[in-house]
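S.K.: Any chance you could fold what I've pasted below:
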Amino acid sequence: MVTAVPETAIGMARLRPAASRRAPMVAAALDDEQALARARAWAADAVPDEVVDAVRVRSVLYRPDDSCTLRYLVRLSPSGQERILLVEVPRAANEVVIHPFPADPGLPTLRRALDRDLMRQVLGRVVPGTGGDRGVGRCAVDVVHHPREGRCVLRYRLSAGAGGPGELRHPVVFGKVYSDNSAGATASALRTLRRGLAGLPYRAGIVVPEPLAVVPSLRLVLTEAVPGRPLLPELVKALRTPGEFSPASDPEMSSALRSAGRTAAAVHACSAVGAHVPVRDLAGEVAATERHITLLEPVWPEAAARLRPAVTRALEMTGGHPLPTASAGWPLAPVLAHGDFTPGQVLLDGSGGVGLVDVDTLCVAEPALDVGRFLAYLHVTGIRRSRSAWPALADMTALLLESYLAARVDARPSANAQRLFLERTAACHGLALGRIGASACRQLKDDRLAAVVAVLDAGSAWMRSLAG
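M.R.: Okay, the predicted model is just below:
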């Protein structure tokens with residue numbers, strides 16, 4: 001049994017004070033009283049008929065140059081409305097800049113992509129089955145996910161207009177707005193994966209959203225909606241007895257894990273011939289992880305020191321094959337891979353259907369990249385839920401890997417190949433943990449960093465038990 005290190009023994013719960021000591025302007029932006037004063041100054045000019053009742057500091061992203069972006073969730077009175085303010089804290093002693101959402105300087109087209117009247121016309125013209133400009137009667141827009149950098153996911157809910165066919169083929173459309181011109185590449189990745197899954201000699205049953213349109217002027221890709229929700233993270237967080245799990249006692253969790261393993265196997269069985277996607281290898285992943293950790297050293301040297309073994313262990317687990325080639329054979333030969341395969345990317349509809357989303361990271365890589373990353377997120381989620389979750393997580397890991405290997409009907413791995421696959425998976429697992437930990441530092445999330453360190457300190461006992 002693996003025993004996680006208690007948070008109090010990790011010595012990592014000092015992210016915010018360390019950042020504040022280094023950057024006084026960041027400290028001021030994080031301070032509740034100063035945040036309230038700053039929000040009230042904004043409201044006096046922007047919404048003079050309202051008064052700011054309360055402010056909560058949310059979604060911090062600390063940068064290596066000691067600048068910072070964060071969000072204030074502001075409650076207004078007498079309307080009772082809540083507003084989100086995007087706060088840019090510069091490195092030097094310049095003025096802090098506040099942008100009321102959806103004004104986001106990192107996403108210059110987001111405001112227009114959220115304009116219901118504009119998007120009613122745009123969607124009517126570009127989404128198949130709407131019937132043109134007058135084909136959409138109403139367009140409601142929801143923000144699904146607005147990360148701190150680079151993109152924003154939107155949901156458009158449409159009703160038929162008088163000038164359309166009367167029934168919309170796509171009453172719900174998802175959109176992703178980018179900071180750059182990545183929308184076209186995302187549409188291409190979706191088509192590549194859909195084509196690959198359709199070409200499998202067996203019925204995979206994995207649904208990948210169809211790209212409906214790209215709107216270059218808005219840096220926007222539009223896709224169809226697929227059924228389901230990311231059930232697996234919910235199930236892990238809701239474990240009633242974190243130390244216990246068995247497929248017989250928790251059929252819903254078992255089904256979710258088997259679906260995830262089968263999904264990864266189906267993607268990896270797709271042909272990568274002609275796929276115009278990036279190529280990633282373990283050497284590049286090691287270098288990138290090392291860069292992420294090195295950037296932490298000036299602010300959080302202790303955290304960097306605790307995360308760096310992730311890189312060292314990954315190199316130790318390469319099995320002497322740091323740069324596999326296409327001729328290396330399974331499991332070293334690169335395959336089509338998701339690139340950011342986590343429990344949150346697998347949608348389950350409760351009836352056995354599986355959807356796979358966020359494929360803009362599609363790449364060619366060895367299979368262990370996806371599986372190791374998935375397990376890293378699974379383990380961190382479980383340990384954040386409870387430090388006593390390791391026995392359950394070990395059983396979940398075994399079921400996921402068993403399902404993945406059983407579904408790789410194109411590979412038929414030998415016992416030696418399976419052992420090598422586990423070693424490579426452990427290496428990618430460690431590298432993913434290093435990056436999750438570095439991200440936790442930049443977001444000033446002590447509990448997530450503590451969970452990452454606990455998983456790292458557990459080593460690869462989960463892998464050794466599976467390998468026998």
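S.K.: Low-confidence stretches in this structure?
M.R.: Along the chain, segments meeting pLDDT under 70 span 1-13, 240-244, 248, 319-328, 463-468.
S.K.: Tell me how it divides into domains.
M.R.: Residue ranges for the domains of the chain, per automatic domain parsing: 7-100, 110-224, 231-467.
S.K.: Now find how far off-centre the first one is within its chain.
M.R.: Spelled out, that is domain 7-100. Here domain 7-100 shows a centroid-to-chain-centroid distance of 24 Å under the convention C-alpha atoms, centre = their mean, to the nearest Å.
S.K.: how many neighbours does residue 395 have?
M.R.: Residues lying near residue 395 (other C-beta atoms under 10 Å) number 19. Yep, even glycine has a C-beta here, placed from its N, CA and C like the rest.
S.K.: I figured it hits residue 246, correct?
M.R.: Yes - with contacts counted by C-beta atoms under 8 Å, residue 395 reaches residue 246, the gap being 6.6 Å.
S.K.: Quickly run through the sheet partners of the lengthiest strand in the chain, with directions.
M.R.: For the chain, the strand with the greatest residue count under DSSP state E is strand 51-62. If you go by DSSP bridges, strand 51-62 pairs up with strand 68-77 (antiparallel).
S.K.: Show me where the stretch 201-350 of the chain has its strands.
M.R.: Per DSSP state E, counting those that start in this stretch, the stretch 201-350 of the chain carries strands over the ranges 206-207, 211-215, 220-224, 335-337, 346-348.
S.K.: Which positions within the longest strand of the chain qualify as buried?
M.R.: For strand 51-62, the neighbour count (16 or more other C-beta atoms under 10 Å) marks 52, 55, 57, 59, 60, 61, 62 as buried.
S.K.: again, but for stretch 445-454
M.R.: Buried, per 16+ other C-beta under 10 Å, within stretch 445-454: 445, 446, 448, 449, 450, 451, 452, 453, 454.
S.K.: Reformat the residues you listed as TSV; add distance to residue 105.
M.R.: Converted to TSV, the buried residues of stretch 445-454 look like this (distance: C-beta to C-beta, whole Å):
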residue	distance to residue 105
445	24
446	28
448	27
449	28
450	33
451	32
452	30
453	34
454	37
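S.K.: got CSV for the buried residues of strand 51-62, with distance to residue 111 too?
M.R.: Formatted as CSV, those follow (distance: C-beta to C-beta, whole Å):
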residue, distance to residue 111
52, 22
55, 23
57, 24
59, 19
60, 23
61, 21
62, 26
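S.K.: nearest to residue 180, of those?
M.R.: When the buried residues of strand 51-62 are compared for distance to residue 180 (C-beta to C-beta), residue 61 comes out closest, at 18.0 Å.
S.K.: Closest one to residue 107 out of the buried residues of stretch 445-454, please.
M.R.: Distance to residue 107, by C-beta to C-beta, is smallest for residue 445 among the buried residues of stretch 445-454, at 22.9 Å.
S.K.: what's the burial count for the closest residue to that closest one other than its chain neighbours?
M.R.: By the measure of C-beta to C-beta, 6 or more residues apart in numbering, the closest residue to residue 445 outside its immediate chain neighbours is residue 15, 7.2 Å from it. Per other C-beta under 10 Å, the neighbour tally for residue 15 reads 23.
S.K.: Figure out which of the strands of the stretch 201-350 of the chain is closest to residue 68.
M.R.: strand 220-224 (27.8 Å).
S.K.: Adjacent strands (with direction) for the closest one?
M.R.: strand 172-178 (antiparallel), strand 211-215 (antiparallel).
S.K.: Identify the residues contacting it?
M.R.: 109, 113, 123, 126-127, 156, 170, 173-178, 183-184, 186-187, 190, 209-215 (C-beta atoms under 8 Å, 6 or more residues apart in numbering).
S.K.: Quick one, which of those residues are buried?
M.R.: Listed as buried from the contacts of strand 220-224 are 109, 113, 123, 127, 156, 170, 173-178, 183, 186-187, 190, 209-215; burial here means 16+ other C-beta under 10 Å.
S.K.: Tell me how far the closest residue in space to residue 404 that isn't next to it in sequence lies from residue 106.
M.R.: Spatial nearest neighbour of residue 404, excluding adjacent residues (C-beta to C-beta, 6+ apart): residue 261 at 3.8 Å. Using C-beta to C-beta, to the nearest Å, residue 261 is found at 36 Å from residue 106.
S.K.: So between those two, which is more surrounded?
M.R.: residue 261 (23 against 16).
S.K.: ok, the more buried one - contacts?
M.R.: 399, 400, 401, 402, 403, 404, 406, 407.
S.K.: measure the second one to residue 366 for me?
M.R.: It refers to residue 400. 17 Å.
S.K.: between the two, who's got more neighbours?
M.R.: Higher neighbour count among residue 400 and residue 366: residue 366, with 28 against 24, using other C-beta under 10 Å.
S.K.: Just give me the neighbour total for residue 197.
M.R.: Residues near residue 197, counting by other C-beta under 10 Å: 21.
S.K.: contacting residues around it?
M.R.: Counting by C-beta under 8 Å, 6+ apart, residue 197 touches 204, 206, 208, 266, 267, 270.
S.K.: which among those gets closest to residue 317?
M.R.: residue 267 (22.8 Å).
S.K.: Nearest to residue 96, out of the contacts of residue 197: which one, please.
M.R.: Nearest to residue 96 among those, with distances taken as C-beta to C-beta, is residue 208, at 41.9 Å.
S.K.: does that closest one really touch residue 193, like I thought?
M.R.: Yes - between residue 208 and residue 193 there is a contact at 5.1 Å, judged by C-beta under 8 Å.
S.K.: Compare neighbour counts for these two and give me the winner.
M.R.: Neighbour count, other C-beta under 10 Å: between residue 208 and residue 193, residue 208 has more, with 27 against 23.
S.K.: What residues does the more buried one make contact with?
M.R.: 190, 193, 194, 197, 226, 355, 356, 357, 359.
S.K.: can you count the residues close to the closest residue to residue 369 other than its chain neighbours?
M.R.: In this structure, residue 369 finds its nearest non-sequential neighbour in residue 428, 5.1 Å apart by C-beta to C-beta, 6+ apart. Residue 428 has 25 neighbouring residues, counting by other C-beta under 10 Å.
S.K.: Can you classify residue 428 by secondary structure?
M.R.: helix (DSSP: H, G, I helix; E, B strand; the rest coil).
S.K.: Was I right to think it contacts residue 367?
M.R.: No - here residue 428 does not reach residue 367: they are 9.3 Å apart, not a contact under C-beta under 8 Å.
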